[in-house]
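1. no sequence for this one, just the structure:
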């Protein structure tokens with residue numbers, strides 16, 4: 001047994017460490033938090049909204065470009081009159 005006990009300052013106060021136990025580092029705490037899914041703090045039961053803006057907008061990507069639309073339609077000059 002060590003002669004002098006070790007102490008750790010936590011948010012709840014000073015904690016005494018027993019032999020063979022070391023304080024948890026910030027790196028270990030962050031690693032443990034990354035193993036859990038992300039949840040909002042205010043409403044942990046909230047459902048995630050679909051990301052349908054910008055680059056992730058699947059409906060927007062399905063639209064054809066105006067220039068492509070104009071190039072794909074036949075112009076009146078190329079149609080022959082009968």
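-> Arrived safely. Note that the coordinates shown come from a computational prediction; the quantities given were computed from them, not determined experimentally.

2. Just the mean pLDDT for the longest helix along the chain, thanks.
-> As assigned by DSSP state H, the longest helix anywhere in the chain is helix 26-34. For helix 26-34, mean pLDDT is 91.

3. Which neighbouring elements make contact with that helix?
-> With contacts defined as 3 or more Cβ pairs under 8 Å, 6 or more residues apart in numbering; DSSP states H and E, helix 26-34 has no helix or strand neighbours. (Each C-beta comes from the backbone N, C-alpha and C, glycine too.)

4. roughly how far out does that helix sit from the chain middle?
-> Relative to its parent chain, helix 26-34 has a centroid offset of 17 Å by Cα atoms, centre = their mean, to the nearest Å.

5. swap in stretch 19-33?
-> 24 Å.

6. end-to-end on that stretch?
-> 26 Å (Cα to Cα, to the nearest Å).

7. In this structure, where is pLDDT below threshold?
-> 1-3, 60-63, 77-82 (pLDDT under 70).

8. Which parts of it are strands?
-> Remark: strands assigned in the chain by DSSP state E are 6-10, 13-17.

9. and of these, who's closest to residue 74?
-> strand 6-10 (75.5 Å; Cβ to Cβ).

10. which other residues reach the closest one?
-> Residues lying outside strand 6-10 but in contact with it, judged by Cβ atoms under 8 Å, 6 or more residues apart in numbering, are 14-17, 23.

11. ok, those vs residue 30, which is closest?
-> Closest to residue 30, out of all of these and judged by Cβ to Cβ, is residue 23, at 14.5 Å.

12. right, and that closest one touches residue 29 too?
-> No. The criterion here is Cβ atoms under 8 Å, and residue 23 misses it with residue 29 at 10.4 Å.
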